[in-house]
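Enquirer: take this sequence and fold it.
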Amino acid sequence: MYLLGWERAPDHATTARFCSQRLTGVVKESFGQLVRLLADAGELSLLHAFIDETKLKANADRYSFVWKKSTQKSGAKMQEKMKAELPKLAGQWGIRFYAGEKIRSKDLKKLRKKLCAQKGTEQFVQGKGKRKSTVQKAIETVEEYLARQKKYGDYNHSFGDRNSFSKTDRDATFMRMKEDHMRNGQLKPGYHVILAVDAEYIVGAMASQTRNDTDTFIPVLEELLPPGCRKPVADAGFESEENYAWCEKNGQMAFIKPANHEQAKTKK
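Expert: Here you go, the predicted structure:
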C-alpha cells in the first residue's frame, strides 16, 4: 500500500503468483542487494552476525514418512526375489532371461514384451470368479516388479543426501522437534530455518533440509563474507571441529558456546 501511494493493493492471488513465478529466480540476489544497501547506509556493524535456528513443521502428514534405509532394504530383497523367480518364469515360455548383478527396469520391460508376444489373441480377464491364464499371471508378475522398481527409483531420487522425506511434501525431512502441548515427541516433517542478524537487521537467511545445526553454519557464513562479517556469534548447537577450522581458515573470530560449557564450569 505504501509503494502504491495508498491506492488499492492487489489481491493475495496476484501477490502469490508474482512470488512463485517471477520472484523465485531473483529473490536471493535481491536480498543480497538490500544487505549491501544497508551496509552502504551505515546501518550495519559489518562485524558481528548473531546466528540462530529453529525447526518449522511442514504442512504434511506426520505418518507419510519414507525412510531411506527401509527403501534400500526392500529394494535389495526385491532384487534377490527377482533373480530367483524371473529366470524360472521366463524358462516356462522358452525365453532366455539373464539375471545380472542388478535387474534394471529395461530388463523387465524386455521380458514383458517377450511375454506379451506369447499372448497372441488371448483376452485377459479381471474380477472375481475369473480364472487367469498362465501367461496373464506371468505378465502381471513382471508388471508388479516393474511398478515397485519405478517406485523405489523415484524414492531414491527424492532422498538425495537425506535419510527421509514426506510423501505429501517431498521437500520436508523428518526431524526431532521441540515438545508440543501434547508432549508428542515423535519425529515430524519439517524444515530447518537459520537466520543471521546484524544491528537488528536480518542479513542472512536459509531454509535447509538437514536435521542438525552444524551443517548449516558454513553456508550461512559464506553469504556473510562479502558484506564483511568477521565475528559470528552462535549457540552450542553450531559447534563442530569442521566449523572451527573453516572460521580459522577464513579469518573469522567465532564466538560459539562450547557444548561442554556447563560441565567445564564445575570443580570436577
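Enquirer: so what's Ser208 closest to, chain neighbours aside?
Expert: What sits nearest to Ser208 in space, not counting adjacent residues and going by C-beta to C-beta, 6 or more residues apart in numbering, is His192, at 4.3 Å. Any C-beta I mention is one placed from the backbone N, CA and C, and that applies to glycine too.
Enquirer: mind listing the helices for the chain?
Expert: Using DSSP state H, the helices assigned to the chain run over residues 12-17, 27-40, 68-91, 105-119, 134-159, 214-224, 241-249, 261-264.
Enquirer: quick check: angle from the fourth one to helix 134-159?
Expert: Translated: helix 105-119. Angle of helix 105-119 versus helix 134-159, following axes from the mean of the first three to the mean of the last three C-alpha atoms, to 10 degrees, is 160 degrees.
Enquirer: going forward can the numbers begin at 671, since that is how I track them
Expert: Understood, numbering begins at 671; the last thing we discussed is helix 775-789.
Enquirer: buried ones in helix 775-789?
Expert: Neighbour counts over helix 775-789 (16 or more other C-beta atoms under 10 Å) mark Asp777, Leu778, Leu781, Arg782, Lys784, Leu785 as buried.
Enquirer: can you list the helices and strands that that helix packs against?
Expert: helix 738-761, helix 804-829 (3 or more C-beta pairs under 8 Å, 6 or more residues apart in numbering; DSSP states H and E).
Enquirer: do the same with the fifth one
Expert: In terms of contacts (3+ C-beta pairs under 8 Å, 6+ apart), helix 804-829 is packed against helix 738-761, helix 775-789.
Enquirer: go with 10 Å
Expert: strand 735-737, helix 738-761, helix 775-789, strand 834-836 (3 or more C-beta pairs under 10 Å, 6 or more residues apart in numbering; DSSP states H and E).
Enquirer: mean pLDDT for these: which is lowest?
Expert: In terms of mean pLDDT, the lowest-scoring of those is helix 775-789 (a mean of 90).
Enquirer: biggest separation within the buried residues of helix 775-789, which pair?
Expert: Farthest-apart pair in these is Asp777 and Leu785; separation 12.8 Å (C-beta to C-beta).
Enquirer: mind listing the shared neighbours of the two?
Expert: Val812 (C-beta atoms under 10 Å, 6 or more residues apart in numbering).
Enquirer: where in the protein is pLDDT low?
Expert: By pLDDT under 70, the low-scoring segments of the chain are 849-855.
Enquirer: domains for it, by residue range?
Expert: Structurally, the chain divides into domains by automatic domain parsing as follows: 697-732+839-927, 735-833.
Enquirer: need the winner for burial among the ones you listed.
Expert: domain 697-732+839-927 (a mean of 16; mean count of other C-beta atoms under 10 Å).
Enquirer: nearest residue to the middle of the protein?
Expert: Asp841 (4.5 Å; C-alpha atoms, centre = their mean).
Enquirer: isn't that one right up against Phe829?
Expert: No - the pair Asp841 / Phe829 is not scored as a contact, 11.8 Å apart, by C-beta atoms under 10 Å.
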